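In: Provided below for reference: sequence and predicted model.
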Protein chains: 2
Amino acid sequence: MFEAVELGRKLSKPEYGAELPDLRTGLLEAQQSIRKAGLPVVILIAGMDGAGKGTVVHRLNEWLDPRGIDTHTFWKVSGEEQERPYYWRFWRTLPARGRIGIYYGGWYADVLLGRVERRYDTGRLEHELARIAALERMLAEDGALILKFWFHLSRRDQQRRFKGLMRDPDKHQVLLPYNRKHLRWHGRFVAAAEEVIRRTDTGTARWHLVEATQSRYRDLTTGRLVLEALRAGVDRQAKAPPPSRRKPAPERRPSVTVLDRVDLDQQLTSEVYGAELKKLQVKLNRLAWKAHRRRISSILVFEGWDAAGKGSAIRRVTEAVDARLFRVVPVAAPTQEELAQHYLWRFWRHLPRAGLVTVFDRSWYGRVLVERVEGLASREAWSRAYHEINEFESQLTDHGTVLLKFWIHISAEEQLQRFKKREQVAHKQYKIIPEDWRNRRQWGAYELAVHDLVTRTSTSTAPWMLVAGNDKRFARIEILRTFCRALDRAL
Amino acid sequence: MFEAVELGRKLSKPEYGAELPDLRTGLLEAQQSIRKAGLPVVILIAGMDGAGKGTVVHRLNEWLDPRGIDTHTFWKVSGEEQERPYYWRFWRTLPARGRIGIYYGGWYADVLLGRVERRYDTGRLEHELARIAALERMLAEDGALILKFWFHLSRRDQQRRFKGLMRDPDKHQVLLPYNRKHLRWHGRFVAAAEEVIRRTDTGTARWHLVEATQSRYRDLTTGRLVLEALRAGVDRQAKAPPPSRRKPAPERRPSVTVLDRVDLDQQLTSEVYGAELKKLQVKLNRLAWKAHRRRISSILVFEGWDAAGKGSAIRRVTEAVDARLFRVVPVAAPTQEELAQHYLWRFWRHLPRAGLVTVFDRSWYGRVLVERVEGLASREAWSRAYHEINEFESQLTDHGTVLLKFWIHISAEEQLQRFKKREQVAHKQYKIIPEDWRNRRQWGAYELAVHDLVTRTSTSTAPWMLVAGNDKRFARIEILRTFCRALDRAL
């Protein structure tokens, strides 16, 4: 694979000088088009030690408007990062639409080194590459341009470069302790890079191999490739048909949905409820403290019909947990900063530190519920969301997070009763808004959406619980019991 | 001070039950008014161990709409927090306009415990209280409501409460190891609390002492006080005259400003420049690595006339520093999330982790420059900003950050030449926009603003450097030399 970049290609000073002005003008123009088009750009920089990755980053900052660029390095993993799933550190730095994020090593650094140092076996490698593929596809489908560079040096050139660095006291400190070891491992690096690049060179996230022997050639080639990619990205977007925002044609509801199987007649007497509530809350309090000590986090997702009793069910959970250990994240309309990112970004940003309970009052499932039913997301967007959500959730559960998802189900008649009651009680009026009545008219469409989401996102590690909610007491106890059981199992 | 809250006040169940419904309705309505009025609310919860602070927080979450509330605890300081000034952990959690932040202990927890454990002498106490006063005043002046609660227990009641907790195995885990020690220190806690409360009970950030012997009395009293404060806050805002957004009357420029003393004739030949540049950049590279190892951060602020050469001067700094060690923060219009916070919030959020160089391309000084000159901030707002900025910067320098502020000065004639040139060079056209011409017509007003900002914010630990910029070479070398010298001194 690397034969093609061990050819010793060079550029003379005049050649370089002749091309540079046009390249710079082109890059600046392309960057402005990117900004106007609102495309996020990810430039990933990888390659052999000594290939001059740092210089390339400097060059890009010089040629482009540096105010539109953020550079990210990940060699120091912070405690806060360790307390969350591995990809949190990348999500928190993803470029907003119209901006460029340069990633030094990025999500490839660990997997490459893991392979070179022989810590990652094939199974682990597969696992990591699947994660990478999922991330890149997700970003690309959301409109991001992803460019990945591998700067290559032959064994001989690498040795020569290092000797030069060691002779020059001013550049000496660029050498990190591990560089010398890596020099001996040229062959291993080449093998690992080949394996990883081959497996992750997709149409939407292309690898570019660049010969790094001569810096003029390396920098100019990189500049050209970036320019080409930015232009192509803007063109592609201009030609793409605008995403259809029309309401989709009504879909046929299956004759039986998973919701039909929920037995809504289940109920509890107030005596049984009182006793069970006390018992379970005491138990939950103890378990939450224990989970805190063991640094195991829980995430509870609450979805359900309007007036299904989400709020009061959530309160029965949170009032059992010490106020220092839980947080409720209400999910409303996204902010401007959130809209400038992939829709999952705003959930990643709220992931808790270790040992805490986070309750999402509505969640990332909005994409396949309200956004689907109301036509706020295009069919392509919500269709791929199931997969994106499964990927996201698998990262949570792989990290050891206890993840529970509740759909509180009530009948349409029960909802009507509750709406009417809310309109009568003074301190409940704020809970009923015109939108609730509007949503109610879409009952069938929501049933279908719920059916699909359960079918597609109820997994063994993150199952959906369909809770019978016509009797609020029954629902609350069911939820508390499920949470206690799940925590018990995890501890 | 605490005699008034050792009276053994109680509420009977019927009394409590009679008042509760109105209180809850009132609280919900007040919360909605707060949201509409866009007032951020800070509720700080402190008090004796065993006073039921956690229960109060639960109660507030029950009575108010929990989706508008975030609760924050600070017993675990993360590594990322330690790498920044102490108050970063509070700034990152401040409630947005219209939301309520409940702070468990908040910025009082450490100072109280420091006093109780006799780690803080009077000097340290003074220092911490001054910081607290500055923060609270800053938030209050920005419109925030600040309520501070001290939940009190007499020695006898505290002992009784603890015995109860220890007998009840279900509540046992609420007791943290330090609680027993604190029990012996009742007197010390009372003394420390009295000292701190007396000194921080200001008109805009009132302390409320609440007797915590009986939970019904404690919770209802707290609810009433919160309701009263929310209502008063909304009323006050409704009555306040709208901040004047009119352009201020032109101010008289002093006959001589600090800018007049900058010798704009200074220049360097291209030979001297070339040699100096190389020497200083090599030196800076070494110093930046050393600072990184020693975990000392630098923050460089660049301000100056349009076309003064900020961008190219910044590049001469950043190209000397390893790309993994610096970040450029371009300051443009604030985002929606940023507008929902105190204006300094968007700078706090970008503070770097330890050992990095952060360059602000424009900065928090926008408040007293463009916002002042263009009348975007009211006179009161920009007038108090000098003090707020000094406070912010003193936290940076106290933390050990190297802070440098550059104003790149050029003459009006020089600016005109550069504007014209920019319009001619293809890849520089993006740098000249109509606003630049508009700003130019305000030259005198900016001179006055610069004069004031230097007079009021050039301190010994964070001095302003007025850089002669008519000769770009001279300016760049001056800046590099200043930065090297400052790093050298800090290391």
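Out: Sure, I can see it. Bear in mind the structure is a predicted one, so any value in this text is a computation, not a measurement.
In: when you work out contacts or count neighbours from here on, use the C-alpha atoms and nothing else.
Out: Will do.
In: please name the nearest non-neighbouring residue to residue A:315.
Out: Leaving out its chain neighbours, the residue that sits closest to residue A:315 by C-alpha to C-alpha, 6 or more residues apart in numbering or on different chains is residue B:62, at 7.1 Å.
In: over to residue A:477?
Out: Closest residue to residue A:477 apart from its sequence neighbours, by C-alpha to C-alpha, 6+ apart: residue A:277 at 6.4 Å.
In: follow-up on the earlier one: tell me the pLDDT at the residue nearest to residue A:315?
Out: At residue B:62, the pLDDT value in this model is 89.
In: doesn't residue A:316 make contact with it?
Out: No. Counting by C-alpha atoms under 8 Å, residue B:62 stays clear of residue A:316, with 9.8 Å between them.
In: past the lowest-mean-pLDDT helix or strand in chain A, which element shows up next along the chain?
Out: Least confident helix or strand of chain A, by mean pLDDT, DSSP states H and E, is helix A:177-184 with a mean of 76. Next along the chain after helix A:177-184, taking DSSP states H and E as the criterion, comes helix A:186-200.
In: contact partners of the next helix or strand after that next one?
Out: Next along the chain after helix A:186-200, taking DSSP H and E as the criterion, comes strand A:205-211. Residues outside strand A:205-211 that contact it (C-alpha atoms under 8 Å, 6 or more residues apart in numbering or on different chains): A:2, A:5-9, A:136-137, A:140, A:145-153, A:197, A:200-201, A:217-218, A:221-222.
In: please redo it, this time with the cut-off set to 7 Å
Out: A:5-6, A:136, A:146-153, A:197, A:201, A:218 (C-alpha atoms under 7 Å, 6 or more residues apart in numbering or on different chains).
In: ditto for stretch A:405-415
Out: By C-alpha under 7 Å, 6+ apart, stretch A:405-415 touches A:300-305, A:307-308, A:463-470.
In: how about 6 Å then?
Out: Outside stretch A:405-415, the residues within contact range by C-alpha atoms under 6 Å, 6 or more residues apart in numbering or on different chains are A:300-304, A:308, A:464-470.
In: then stretch A:437-448?
Out: Stretch A:437-448 has contacts (C-alpha under 6 Å, 6+ apart) with residue A:253.
In: any idea of the mean pLDDT in it?
Out: Here the average pLDDT along stretch A:437-448 is 90.
In: could I get the full set of strands for the stretch 101-250 of chain A?
Out: A:145-152, A:205-211 (DSSP state E, counting those that start in this stretch).
In: which of those is buried the deepest?
Out: Here the criterion is mean neighbour count by mean count of other C-alpha atoms under 10 Å in any protein chain shown, and of those the winner is strand A:145-152, at a mean of 23.
In: so in that sheet, which strands flank it, and in what orientation?
Out: strand A:41-47 (parallel), strand A:205-211 (parallel) (DSSP bridges).
In: angle of the last one against helix A:186-200?
Out: Spelled out, that is strand A:205-211. 150 degrees (axes from the mean of the first three to the mean of the last three C-alpha atoms, to 10 degrees).
In: how distant is strand A:205-211 from the center of its chain?
Out: The chain centre lies 24 Å from the centre of strand A:205-211; the measure is C-alpha atoms, centre = their mean, to the nearest Å.
In: just the first one next, same as before
Out: Once both centres are worked out by C-alpha atoms, centre = their mean, strand A:41-47 turns out to sit 18 Å from its chain's centre.
In: now that strand - C-alpha only, PDB.
Out: What follows is strand A:41-47, C-alpha atoms only, in PDB (Å, rounded to 0.1, in the frame of the first residue of the first chain):
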ATOM      1  CA  VAL A  41     -15.300  19.700   8.400                       C
ATOM      2  CA  VAL A  42     -13.200  17.100  10.100                       C
ATOM      3  CA  ILE A  43      -9.500  16.800   9.100                       C
ATOM      4  CA  LEU A  44      -7.700  14.000  10.800                       C
ATOM      5  CA  ILE A  45      -4.000  14.000  10.800                       C
ATOM      6  CA  ALA A  46      -2.100  10.700  11.300                       C
ATOM      7  CA  GLY A  47       1.200   9.300  10.200                       C
END
